[in-house]
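Novice: Got a predicted structure plus its sequence, pasted below:
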Amino acid sequence: GGFPRRAFLMRKGRITRSRRRTWLSVLLFLSPAIITVLVFYVVPAILTVTMALTNMDYRFQWNFIGLGNFRRMLNDFLLPGILRVTFLYVIGTLGIFNVTFGLILALVTTSVGERAGRFFRSLWLLPRFTPPVVYGIIWLWILDPTKHGLLNSVRVAMGLRPVDWILNYPLGVIIVTNGIIGASFGMLIFTAAIRSIPRELHWAARVDGAGLFQDIRYITLPQIRWPILFVTAYQTLSLLTSYEYILIITKGGPYFASTVWALYTYNLCFGGYYAPYQFGYGSAMALVLVIIGLIAAITYWRVFRFRAMMAEPLIEVV
């Protein structure tokens, strides 16, 4: 009886050592990713939450004030207007450009010849490959309030007076400038989705007498429903935190008319030589923006039923 028990214990020991070596190998390969996530995601998140509970400024003193920063938000008279601008900016850019116009670009470039479609998509992607500062300077020339600006030079040639576009239409300016570059993302996703639709469906629709718009409505759009919902959710979260083009082109003006929540938070902490450097209050505002993003993500998850999109297919495809 002793030998079988001893053999069993030796075999169990070998299995345990083998499993231990396997786990060590897994941890060794995953350690760069784990360290990266800890250093650049987990630690900054903990620091942000901690600073949100302090009144830290340029002196970098950790004076804990509890929920004082959040109570201050309730008394900040600028925040209702900034929150309104943020939602109008996100909804306008998303609805007009990032989803709708991106879908139109995808439909147009996939309905023409392959070379022409590829060439047009490449041109539309150029702003995304352009550095933000260069892209902003180009728009500053286009929107120049004098007669030397591109839009105003056209107006002057037509006998009209120049218009200060940023002063008169600040919200429209940030929607257009961000939407032009944002539509390219949806264009690429929708193009790939449209190309994955079996051609037999379009052929069958044409045999049944369906026209172009009927084909788009009853064949194309239902088939790319999930990509449309994905782009909508992803771009919503992206727009909530974007501010670089607004900072370059309008600087949030005139008088906070184009200031979104993320830009206001940035200005509180790092906004130039005259910035108040209110790191505690800025961290609290950033934390609120994260909560807004989480609410939007959960809402999209439940309303759009993303769980069904990621579920295993009922029919096994070989």
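Specialist: Now that the structure is in, tell me what you want to look at.

Novice: Can you tell me how far Arg21 is from Pro32?
Specialist: Between Arg21 and Pro32 the distance is 19 Å, computed by C-beta to C-beta, to the nearest Å. Where C-beta positions appear, they are placed from N, C-alpha and C, glycine not excepted.

Novice: try Gly159
Specialist: 64 Å.

Novice: So if I had to pick from the two, which one is more boxed in?
Specialist: Applying other C-beta atoms under 10 Å to Gly159 and Pro32 shows that Pro32 carries more neighbours, namely 9 against 6.

Novice: quick one: least confident helix or strand in this protein?
Specialist: Here the helix or strand of the chain ranked lowest by mean pLDDT, DSSP states H and E is helix 306-310, holding a mean of 67.

Novice: Next secondary structure element downstream of the helix or strand harbouring Ile34?
Specialist: Assigned by DSSP states H and E, Ile34 falls within helix 2-37. Per DSSP H and E, the first helix or strand lying C-terminal to helix 2-37 is helix 43-51.

Novice: how about that following helix: buried residues?
Specialist: Of all the residues in helix 43-51, those buried under the rule 16 or more other C-beta atoms under 10 Å are Thr48, Met51.

Novice: got the contact list for that helix?
Specialist: Trp62, Phe279, Gly280, Ser283, Ala286, Leu287 (C-beta atoms under 8 Å, 6 or more residues apart in numbering).

Novice: Disregarding flanking residues, what is the spatial nearest neighbour of the second one?
Specialist: Spelled out, it's Phe279. Met56 (4.4 Å; C-beta to C-beta, 6 or more residues apart in numbering).

Novice: okay, now that neighbour: neighbour count?
Specialist: Met56: 24 neighbours (other C-beta under 10 Å).

Novice: go on, the one 3 residues further on?
Specialist: Per other C-beta under 10 Å, the neighbour tally for Arg59 reads 9.

Novice: And for Asn75?
Specialist: With other C-beta under 10 Å as criterion, Asn75 counts 7.

Novice: three-state assignment of the spatially most central residue of the chain?
Specialist: Compute the mean C-alpha point of the chain, and by C-alpha atoms, centre = their mean the closest residue is Ser238, 1.7 Å away. Each residue gets one of three states, and Ser238 gets helix by DSSP: H, G, I helix; E, B strand; the rest coil.

Novice: Distance check, it against Val231.
Specialist: 10 Å.

Novice: next one: phi and psi at Leu143?
Specialist: The phi/psi pair for Leu143 (degrees, to the nearest 10) reads phi -100, psi 10.

Novice: what's the closest non-adjacent residue to it?
Specialist: Trp165 (4.4 Å).

Novice: how about His202, what does it touch?
Specialist: So His202 contacts Asp215, Ile219 (C-beta under 8 Å, 6+ apart).

Novice: How about the residue nearest to the centre of the chain: what's its closest non-neighbour residue?
Specialist: Closest to Ser238 by C-beta to C-beta, 6+ apart is Gly182, at 7.9 Å.

Novice: The one you found reaches Gly92, doesn't it?
Specialist: No: assessed by C-beta atoms under 8 Å, Gly182 is found out of contact with Gly92, at 11.3 Å.

Novice: Which of these two has more residues huddled nearby?
Specialist: Neighbour count, other C-beta under 10 Å: between Gly182 and Gly92, Gly182 has more, with 26 against 19.
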